[in-house]
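>>> Provide a 3D model corresponding to the input given below.
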Amino acid sequence: QLRLVESGGGLVQPGGSLRLSCAASGFTLDYYAIAWFRQAPGKEREGVLCISSIGETTTWAASAKGRFTISRDSAVNTVYLQMNSLKPVDTAVYYCIAAPSKLNYCPPVAAFGSGGQGTQVTVSS
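A predicted model of the protein is given here:
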């Protein structure tokens, strides 16, 4: 069974950091582009960052530039989202989604389907 499980969310103060993990089971991430999305209450889903099958990254959310980075570790079949200088507007459920891709770059946001449970990130003092 193909499965992605997110973890690492929690409550953090403004300016703090979190590292989210997206662990895959049942398939290898090496042949997929992996994207992190987030959805805040009452708002539409937003694509945040993506990493291609060969490690090329794309930042979709302008607010994430310079603060968030995405990386992958093939040895543990996991993709990470490092979030620094967190702000209250970053509060959302974050979830990762895989899209099969042989491209060297990330496919567009529309290529990604729906996510799973996700992990809650709350930035508040």
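>>> Show me where the chain has its strands.
Using DSSP state E, the strands of the chain run over 3-7, 10-12, 18-25, 32-39, 46-51, 57-59, 68-73, 78-83, 92-100, 119-123.
>>> quick one: Pro88 and Val121 touch, right?
No. If you go by C-beta atoms under 8 Å, Pro88 and Val121 don't touch, sitting 10.7 Å apart. Heads up, the C-betas are built off the backbone N, CA and C, glycines and all.
>>> Next, name the residue at the spatial heart of this structure.
When C-alpha atoms, centre = their mean is applied to the chain, the residue found nearest the centroid is Trp36 (2.2 Å).
>>> between Pro88 and Val121, who's got more neighbours?
Taking other C-beta atoms under 10 Å, Pro88 and Val121 do not tie; Val121 has more neighbours (22 against 11).
>>> Confirm for me that the more buried one is in contact with Glu6.
No. Here Val121 does not reach Glu6: they are 10.2 Å apart, not a contact under C-beta under 8 Å.
>>> can you list residues touching both of those two?
Taking C-beta atoms under 8 Å, 6 or more residues apart in numbering as the contact rule, Val121 and Glu6 both touch Leu20, Tyr94.
>>> count of neighbours near Val109?
16.
>>> oh sorry, the question was meant for Lys87
13.
>>> Tell me who's in contact with it.
Contacts of Lys87 (C-beta under 8 Å, 6+ apart): Pro14, Ser63, Val123.
>>> How about Gly55?
Arg72.
>>> Per-residue pLDDT of it, please?
Note for Gly55: predicted pLDDT of 92.
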